[in-house]
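Participant: here is the input, now give the coordinates:
(one chain, ligands or ions: 1)
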Amino acid sequence: MYDYVVVGAGVVGMSTAYHLKRFSPNARVLVIDQNPSVGMGDTAKSAAAFRTIFTSWANRILAKTSVQFYRDVQLSGVDLGMKWVGYLFLVPEEASQLFTQTASELRQMGISVEMYRQLDKSIKFDLATDEEAREMGLPNVSFALLVKDAGIMDPEKLVRYYYEMYVGAGGEVMYNTRVETVLFAPKRPLEIPGEPFPWQEVRAVGVETTAGPIEAKNVILATGAWTETLAGRMGFGLPIRPRKRQVFVVRADGELRTLLEMGLSDSQWSPVIILPRGIYLRPEPGEGTFWIGMSDRRPYGFEERAEAEESLWRFGIYPVLSKYVPAFENRVPQSAWAGHYDENVIDYQPIVDRLAEGLYVAAGTSGSGIMKADAVGRIAASLALGRGKAELYGGVAVGSGALRRNRCFEEERLVI
Ligand SMILES: Cc1cc2nc3c(=O)[nH]c(=O)nc-3n(C[C@H](O)[C@H](O)[C@H](O)COP(=O)(O)OP(=O)(O)OC[C@H]3O[C@@H](n4cnc5c(N)ncnc54)[C@H](O)[C@@H]3O)c2cc1C
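Facilitator: As a prediction, this is how the structure comes out:
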C-alpha cells in the first residue's frame, strides 16, 4: 500500500514525486511509467528553452521561481546544461505596439530588455524589396527585443536530477508499466458485490496497471499529453488537448556558424530567436546546430508514434525562415523529431487540481513545462498532502488551489 502513486516519470511527475518526499520523508511514494526509463515522454522531445518573462502573473511566477531553483542547483555544482543565451523576439510591424507596451511593463518589473533596430546582417528586418516575401504577406520586422533573463537547458539532465534526489530520499519507481485506470472504492462500503455503485461516494484507492493492481491512498496523474485520454476514460473532463509539435535540426556551418556565435546576452551563443509567424531558432552549441520549430495551428490530436513531417519543413518553415535569415537558403535538416504539447486550450497555463477524493492531476503545461516544472511539482505535492499553501522556490507562497481547472486567469500574450 503506497501513500502516493505518481503516474508519469516526466519532468512534472519527477518534480512532484521529489517534492512529496521532501515535504513528507516517511511517505511511501511510487512513480509509474510505461517507458523503460525516466523522462522519455515529451520531456525528451523538448527544445528546453526557458524564460521568466510572461505577461500573465501565474506564468511569470511559475517560470521565475522554477528557473531560480534550477540556477541555484546548477550553481551548487550539478550541471543542468543551463546557458543564459537570452530570447530575441523579431517583432513584426503588426505586433510592435503590443511588444513596446510589454517591454515597458517588463522594465517596470526590473527585467532587463534591450531593443535593436538592426542586427547582424544575417537577419533581415526589411523584406519590402523582396517580391516573393511581399506576395507571401510576410511583415517587416519593426525591431528586435532581447530578453536576457532566459536561455536553454538540458531537460534530460533536469529530470535525472529530480530522479536521483527522489530515489536518494527513498522514492520508488516502476518502469515498463502502463496505468490502465484508477481504482475507486466506496467511502462507506456495504460489502456487497458490484460496488462501487453509481450512487455511492467514492475515493481513489490505487491503479490498475499492465502489471496488476497497485494500492495507493492517493494517485497523481502527471501524464502530460496522455492526460486527456486517461482522465476521459474515467469520466473526468479537462480542457487539455494534445497538439503535435516538431523540431528540425540544421547544422550551423558557414554563415550559420557566425549566427550561432552571435552572442548578445551573457553568453557567446546566439539567443533563442523568435521569428514572425511562430517560428523559433534554438541554438544547440554542443552539437553546433540550430533546432527549429514552429507553433502552427494544426488540429489537436494524439499520434501514438509521432514523427516529424518533411512537408512542415518544406512548406511551413523553410519559405519563411529563408526570407528572414537567408543563410538558411538551400539548407536541409539533418534530423528531426516530434512530440506533443499538452495544451490547456483555455489559457495555456498548467492545471493542478483534485479530480476526486484521493485523485489529483498535474498537467496542461502547454509547451512550457520544463521551465515551470519545479513550481508545478511543489504545488501538486502540496495539494496532494492537503496543505492549503504551496511554498515556491525563494519563499513565494501561493494557494495550493491556485492552478485549479476552473480558475480565471488573464490570457497569456507571449505564447510561442
Ligand atoms: C517539440 C517540443 C518543444 C518543446 N519546447 C519547450 C521549451 O522550449 N521549453 C519548455 O519549457 N517546454 C517545452 N516543451 C514542453 C515540455 O517538453 C513539456 O511541457 C514537459 O516535458 C511536460 O512534462 P510532463 O512530465 O508533463 O510530460 P511527459 O514528459 O510527457 O511525461 C509524461 C509521462 O507520463 C507517462 N504516461 C502517460 N500515460 C501513462 C500511463 N497510462 N501509464 C504509465 N505512464 C504513462 C509517459 O510515458 C510520460 O513519460 C516542448 C515540448 C515539445 C514536444
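Participant: against which helices or strands is the helix or strand harbouring Glu391 packed?
Facilitator: Taking DSSP states H and E as the criterion, Glu391 maps to strand 389-392. Applying 3 or more CB pairs under 8 Å, 6 or more residues apart in numbering; DSSP states H and E, one finds that strand 389-392 contacts helix 57-75, helix 373-384, strand 396-399. In short, each C-beta sits where N, CA and C put it, glycine included.
Participant: what count of nearby residues applies to the residue of the stretch 1-150 of the chain at minimum distance from the ligand?
Facilitator: Nearest residue of the stretch 1-150 of the chain to the ligand, counting by CB to the nearest ligand atom: Gly10, 2.1 Å away. Gly10 is flanked by 33 other residues according to other CB atoms under 10 Å.
Participant: what residues are up against it?
Facilitator: The neighbours of Gly10, taking CB atoms under 8 Å, 6 or more residues apart in numbering as the test, are Asp33, Gly39, Gly41, Asp42, Thr43, Val159, Ala222, Gly224, Gly369.
Participant: quick check: which of the helices and strands packed on strand 389-392 is nearest to Tyr2?
Facilitator: helix 373-384 (12.1 Å; CB to CB).
Participant: and that closest one, anywhere near the ligand?
Facilitator: No - judged by CB under 6 Å from any ligand atom, helix 373-384 makes no contact with the ligand; its nearest approach is 6.7 Å.
Participant: other SSEs contacting that helix?
Facilitator: Counting by 3+ CB pairs under 8 Å, 6+ apart, helix 373-384 packs on helix 11-23, helix 57-75, helix 155-168, strand 212-221, strand 351-356, strand 359-363, strand 389-392.
Participant: tell me the mean pLDDT over that helix?
Facilitator: Per-residue pLDDT values over helix 373-384 give a mean of 98.
Participant: chain center to it: distance?
Facilitator: Computed by CA atoms, centre = their mean, to the nearest Å, the separation of helix 373-384 from the middle of its chain amounts to 15 Å.
Participant: could you do stretch 401-409 as well?
Facilitator: 18 Å.
Participant: in JSON lines, list the contacts of Gly10 along with pLDDT.
Facilitator: Below are the contacts of Gly10 laid out as JSON lines (pLDDT from 0 to 100):
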{"residue": "Asp33", "pLDDT": "98"}
{"residue": "Gly39", "pLDDT": "98"}
{"residue": "Gly41", "pLDDT": "98"}
{"residue": "Asp42", "pLDDT": "98"}
{"residue": "Thr43", "pLDDT": "98"}
{"residue": "Val159", "pLDDT": "98"}
{"residue": "Ala222", "pLDDT": "99"}
{"residue": "Gly224", "pLDDT": "98"}
{"residue": "Gly369", "pLDDT": "98"}
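Participant: and these, which is closest to Asp3?
Facilitator: Ala222 (15.9 Å).
Participant: I figured Asn344 hits Val361, correct?
Facilitator: No - contact criterion CB atoms under 8 Å: Asn344 and Val361 do not qualify, at 11.4 Å.
Participant: compare those two (neighbour count), which wins?
Facilitator: Set side by side, Asn344 and Val361 show more neighbours around Val361, with 27 against 22, by other CB under 10 Å.
Participant: ok, now which ones touch that one?
Facilitator: Residues near Val361 by CB under 8 Å, 6+ apart: Ile220, Leu221, Ala222, Thr227, Ala231, Phe236, Leu238, Ile351, Val352, Asp353, Leu355.
Participant: go with 7 Å
Facilitator: Val361 makes contact with Leu221, Thr227, Ala231, Leu238, Ile351, Asp353, Leu355, according to CB atoms under 7 Å, 6 or more residues apart in numbering.
Participant: ok, Ser66 next?
Facilitator: Per CB under 7 Å, 6+ apart, neighbours of Ser66: Met371, Lys372, Ala373, Asp374, Ala375, Tyr393.
Participant: ok, the third one - how many residues close by?
Facilitator: As a burial measure, the neighbour count of Ala373 was computed by other CB under 10 Å and equals 30.
Participant: wait, doesn't it sit right on Met14?
Facilitator: No - using CB atoms under 7 Å, Ala373 is not in contact with Met14, being 8.1 Å away.
Participant: quick one: common contacting residues for those two?
Facilitator: With CB under 7 Å, 6+ apart applied, the contact sets of Ala373 and Met14 do not overlap.
Participant: how deep is the closest residue to the ligand within the stretch 51-200 of the chain tucked in, by neighbour count?
Facilitator: Minimum separation of the stretch 51-200 of the chain from the ligand (CB to the nearest ligand atom) falls at Val179, amounting to 3.8 Å. Residues within reach of Val179, counting by other CB under 10 Å, total 24.
Participant: what is the neighbour count of Glu228?
Facilitator: Glu228: 23 neighbours (other CB under 10 Å).
Participant: that one belongs to a helix?
Facilitator: Yes - using DSSP: H, G, I helix; E, B strand; the rest coil, the assignment for Glu228 is a helix.
Participant: now it: closest residue in space, sequence neighbours ignored.
Facilitator: Take Glu228 and drop its neighbours on the chain: the residue closest to it by CB to CB, 6 or more residues apart in numbering is Ile240, 5.4 Å away.
Participant: which residues touch that neighbour?
Facilitator: Ile240 neighbours (CB under 7 Å, 6+ apart): Thr227, Glu228, Asp342, Glu343, Asn344, Ile351, Ala363, Gly364.
Participant: now Ser400
Facilitator: Neighbours of Ser400 in contact, by CB under 7 Å, 6+ apart: Ile379, Ser382, Leu383, Arg387, Gly388, Lys389, Ala390.
Participant: counting neighbours, what do you get for the fifth one?
Facilitator: Which is Gly388. Neighbourhood size, Gly388 [other CB under 10 Å]: 10.
Participant: against Glu391, how distant is the closest residue to it other than its chain neighbours?
Facilitator: Nearest residue to Gly388, sequence neighbours excluded (CB to CB, 6+ apart): Ser400, at 6.0 Å. Going from Ser400 to Glu391 by CB to CB, to the nearest Å gives 10 Å.
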